[in-house]
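Asker: pasting a predicted model and its sequence here:
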Amino acid sequence: MLNLDTIIENINKIGKAAAKKLHKLGVENVRDLLQYYPFRYEDFSQTIAIKDLKPGMAANVRGTIEFIQNKRSFRQKMIITEALVNDVNSSMGKAGGQLKIVWFKQPFIGRNLKAGDMISLAGTAQSGFFGLEMVSPEYEKIGQGKLVHTTGLVPVYHVTANLTNKQLRFLIKSVIGAAPQLDDILPAEMKQRYRLLNLAPALENIHFPTNQEMLRRARRRLQFEELFFVQLRTQIQKSEIRNQKSKVVRFFAKETKEFVKQLPFELTGAQKKAGWEIIKDLGKDKPMSRLLEGDVGSGKTVTAAIAMLNVALNKKQSAFLVPTEILAAQHYDTLVKLFKGVEVNIGLFTRSQRRITQNAKHKTQDMNKKEILNLISQGLINIVVGTHALIQEEVQFHNLALAIIDEQHRFGVEQRQALRKKSGNIKTTPHLLSMTATPIPRSLAQVIYGDLDLSIINELPRGRKKIATFLVPEQKRAGAYDFIKKEIANGRQAFVICPLISPSDKLGVRSVEEEYKKLNEQVFPELKIAYLHGRLKPAEKEKTMEEFLDNKIKILVSTSVVEVGVDVPNASVMMIEGAERFGLAQLHQFRGRVGRSIHQSYCLLFAHSTNEMSGRAESLNEQTRSRLTTFTKSNDGFKLAEADLRQRGPGEVYGTAQAGFPEFKIATFNDYQLIKETKEAAEQVVKEGMEKYPKLSERVKKTGEYVAG
């Protein structure tokens, strides 16, 4: 008898070759097979007579084979199977219809079927030379059990090479009876309150839906469960944080007003609102857990600086953790300028750089590791900016009250928690402010960062010029190069982004290596050009970026490694090759690398579609053109992220490898009502106490590798 742990190889009629293909899909046993969900359905619920078929109609028809044969194509030398099928109970009379069927490269069909067999077919009718025909339809013999592949709502799965949907449907049908063995751990009262199916009928109807309504209910039940457990983990962590104590940071109103007044720009309304939300959180004895989300160049750092100022005035410390040494040095320099004349000591601590600036004395000095560690542990540095080096055990703070993490999705949960444990006082937990310039729609943020309160800066500083964005046709490429030459002649610099590091014949898109060679040798031989990509050693990347920042390099050819954080105010042109291969959110991040000064900046998109068979470039399809045109017309990162999320899903938009982004089998982030309900359900469970729900608690522990925050 089959059980959930029965391995694939032991399921009746599974060959070793098919088992290997299923392993590639992550399917190891019956449980995995039951939870390998379809991604769409063919609707063949309409069964009609052949005589009533019309060209373009997708339907199920049933008939009797009058004639079937295999023959070899003269030109392409492939086996073609041709058949003529008549309406059931019709012999070419006026009451019936006839349909020609064609299958390519499937000679076994001509051996499996014979004249006189009654078959069920599912496909789309089209006009042929001799009347209506169907090309490569699904088929089943009538009278050999329940029809699975050709009638009703037929599931379609992602498959690997040489594994067909028909095989997969057959296998799942053979194990669907094991669905009741899966533990339905959602509490009965929760299922009743939110009108959820039990697990077994949900699984049966997700694979073989009775009708559209049962499919909707099955999908809703399975999506609810996935979202609920993400929400439950974040709510548990939020509850744990609420039970911790933190240091109260008193608000110095007068000094804060003076600091804001001396800034060389006026704060936006969104910055003031976010700043006040942070200040209020710091004034509590419960740890702040807040995500500050702001579009590229919106002024998140100065908003965080207001919080760091108040921490310093309270004689406490702030730690500012960033993902790269280049970014750490940039933030350090920015804070030194912002706090000019203010009695705040600022330190820089990375793998290769250790420095301290005493702002009141206008004094900066390099230090060795031991010296700066001593100053940090004695509380003599108010703000420490650093990379992962800050998380090392030997770094100890005297009284860390605020931990700030920039581009927080680049750090794992353990790294964030490690920083929080360095308060210098085991009885208190530092306040946590996470920041990101990657626009995340509110619905997504509620799921991924449900344990964090959200502040959004959705205004750009006054006077910031809009980046002019163009989708450039290939015939105007030479003009684009001339434009870049003019910008560089005026003292500016340019980025050129490519999707790949090395050339690929199959993908037919531009790579950093070939583009660098072409630009360096043919297009701009008189200019200094460099390249940047992920295979370079960290020291090589940093040296290249430093030279680009110093305007020694005029054009930087790069992959997506520059998408976040790098601030080069002098760069005014962002040229993106293969723009169709990037999502809107990522294109917006690239564009955000320019337009960071008073100079007018530009973003030039080059795109083409590629014929997968030949590798040749072809004209853009309408959907791609429409998507890129939308991008050229909008500079609102949040609106673009919403559109991207609807079209591509979070895995493609943000990268599933990034910490904090769960990989869902069936749930999406587009159902706001379901997100709201799962959060409400998770809050209720945590409020009542996890001890009341041992099965839920056990599941959370088993899947505890993902905890948001």
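Answerer: Nice, I can see it. The model shown is predicted, which means the values in this text are computed figures rather than measured ones.
Asker: low-confidence ranges, the stretch 401-550 of the chain, go.
Answerer: 408-417, 420, 423-426, 441-449, 504-508 (pLDDT under 70).
Asker: could I get the full set of helices for it?
Answerer: Remark: helices assigned in the stretch 401-550 of the chain by DSSP state H, counting those that start in this stretch are 413-420, 442-448, 477-489, 512-518, 538-549.
Asker: can I get those in TSV including distance to E133 and mean neighbour count?
Answerer: In short, each C-beta sits where N, CA and C put it, glycine included. Listed next are those as TSV, based on distance: least, C-beta to C-beta, whole Å; neighbours: other C-beta atoms under 10 Å:
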stretch	distance to E133	mean neighbour count
helix 413-420	57	18
helix 442-448	46	20
helix 477-489	45	15
helix 512-518	45	18
helix 538-549	58	17
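Asker: out of those, flag the one nearest T632.
Answerer: Taking C-beta to C-beta, helix 477-489 is the member of these nearest to T632, at 14.3 Å.
Asker: so how far is the closest one from its chain's centroid?
Answerer: Distance of helix 477-489 from the chain centroid (C-alpha atoms, centre = their mean, to the nearest Å) equals 34 Å.
Asker: which stretches of the stretch 301-450 of the chain form strands?
Answerer: Ranges of strands within the stretch 301-450 of the chain are 317-321, 345-349, 354-358, 363-366, 383-386, 400-406, 431-436, based on DSSP state E, counting those that start in this stretch.
Asker: could you dump the ones you listed into JSON lines with distance to E691 and mean neighbour count added?
Answerer: Formatted as JSON lines, those follow (distance: least, C-beta to C-beta, whole Å; neighbours: other C-beta under 10 Å):
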{"stretch": "strand 317-321", "distance to E691": "35", "mean neighbour count": "28"}
{"stretch": "strand 345-349", "distance to E691": "43", "mean neighbour count": "25"}
{"stretch": "strand 354-358", "distance to E691": "48", "mean neighbour count": "20"}
{"stretch": "strand 363-366", "distance to E691": "55", "mean neighbour count": "11"}
{"stretch": "strand 383-386", "distance to E691": "40", "mean neighbour count": "27"}
{"stretch": "strand 400-406", "distance to E691": "31", "mean neighbour count": "27"}
{"stretch": "strand 431-436", "distance to E691": "27", "mean neighbour count": "24"}
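Asker: and of these, who's closest to Q684?
Answerer: Nearest to Q684 among the strands of the stretch 301-450 of the chain is strand 431-436; the distance by C-beta to C-beta comes to 25.3 Å.
Asker: got a list of contacts for the closest one?
Answerer: 246-247, 249, 278, 281-282, 287-294, 300-301, 304, 307, 401-409, 416, 420, 449, 452, 709 (C-beta atoms under 8 Å, 6 or more residues apart in numbering).
Asker: how about it as PDB, C-alpha atoms only?
Answerer: The C-alpha trace of strand 431-436 is given here as PDB (Å, rounded to 0.1, in the frame of the first residue of the first chain):
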ATOM      1  CA  HIS A 431      16.300  49.300  18.600                       C
ATOM      2  CA  LEU A 432      16.400  48.100  15.000                       C
ATOM      3  CA  LEU A 433      16.000  50.300  11.900                       C
ATOM      4  CA  SER A 434      16.200  48.400   8.600                       C
ATOM      5  CA  MET A 435      16.400  50.500   5.400                       C
ATOM      6  CA  THR A 436      15.900  49.500   1.700                       C
END
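Asker: next, the angle strand 317-321 makes with that strand.
Answerer: With axes from the mean of the first three to the mean of the last three C-alpha atoms, to 10 degrees defining the directions, strand 431-436 sits at 30 degrees from strand 317-321.
Asker: show me what strand 431-436 pairs with in its sheet, parallel or antiparallel.
Answerer: Strand 431-436 has its sheet partners listed here by DSSP bridges as strand 289-294 (parallel), strand 400-406 (parallel).
Asker: could I get the ones you listed as a markdown table with distance to T678?
Answerer: As requested, those are arranged in a markdown table below (distance: least, C-beta to C-beta, whole Å):
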| stretch | distance to T678 |
| --- | --- |
| strand 289-294 | 19 |
| strand 400-406 | 26 |
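Asker: A122: which of the ones you listed is closest?
Answerer: strand 289-294 (46.9 Å).
Asker: now for the longest helix along the chain, which elements pack on it?
Answerer: In the chain, with assignment by DSSP state H, the single longest helix is helix 212-242. Identification of packing neighbours for helix 212-242 by 3 or more C-beta pairs under 8 Å, 6 or more residues apart in numbering; DSSP states H and E yields helix 199-207, helix 442-448, helix 672-688, helix 694-702.
Asker: so how far is it off the chain centroid?
Answerer: With C-alpha atoms, centre = their mean, you get 19 Å for helix 212-242.
Asker: surely L628 touches L604?
Answerer: No. At 11.6 Å, L628 does not count as touching L604 under the criterion of C-beta atoms under 8 Å.
Asker: might you report the residue contacts of the residue nearest to V336 when sequence neighbours are not counted?
Answerer: What sits nearest to V336 in space, not counting adjacent residues and going by C-beta to C-beta, 6 or more residues apart in numbering, is T357, at 4.9 Å. Residues counted as contacts of T357 (C-beta under 8 Å, 6+ apart) are Y332, V336, N345, I346, G347, K363, T364.
Asker: wait, I142 touches I119, no?
Answerer: Yes. Under the criterion of C-beta under 8 Å, I142 makes contact with I119 at 6.3 Å.
Asker: these two: who's more crowded?
Answerer: Neighbour comparison, I142 and I119: the larger count goes to I119, with 22 against 15 (by other C-beta atoms under 10 Å).
Asker: relative to Y481, how far out is Q522?
Answerer: 10 Å (C-beta to C-beta, to the nearest Å).
Asker: again with E474
Answerer: 12 Å.
Asker: nearest to L674 among the contacts of T357?
Answerer: Of these, the one sitting nearest to L674 (C-beta to C-beta) turns out to be Y332, at 43.5 Å.
Asker: sticking with P55, tell me its helix or strand.
Answerer: For P55, there is no enclosing helix or strand under DSSP states H and E.
Asker: just give the number of residues close to it.
Answerer: 11.
Asker: ok, now which ones touch it?
Answerer: A125, Q126, S127, L132.
Asker: I'd say the last one and G123 touch.
Answerer: No. Under the criterion of C-beta under 8 Å, L132 is not in contact with G123, lying 11.1 Å apart.
Asker: between those two, which one's more packed in?
Answerer: Taking neighbours as other C-beta under 10 Å, L132 and G123 compare with G123 leading, 22 against 19.
Asker: how about stretch 70-90, which residues are buried there?
Answerer: I79, I80, T81, A83, L84, V85, N86, D87, V88, S90 (16 or more other C-beta atoms under 10 Å).
Asker: still on that earlier bit, out of the helices and strands packed on helix 212-242, which is closest to E28?
Answerer: Minimum separation from E28 across these (C-beta to C-beta) falls at helix 694-702, 16.6 Å.
Asker: please name every helix or strand in contact with that closest one.
Answerer: The contact analysis (3+ C-beta pairs under 8 Å, 6+ apart) places helix 694-702 against helix 212-242.
Asker: can you mark which positions in the helix it packs on are buried?
Answerer: So helix 212-242, judged by 16+ other C-beta under 10 Å, has buried residues 214-215, 217-238, 241.
Asker: kindly report the same for stretch 300-307.
Answerer: Those would be K300, T301, V302, T303, A304, A305, I306, A307, for stretch 300-307 by 16+ other C-beta under 10 Å.
Asker: filter those down to just the ones in helices.
Answerer: Using DSSP H, these in helices are K300, T301, V302, T303, A304, A305, I306, A307.
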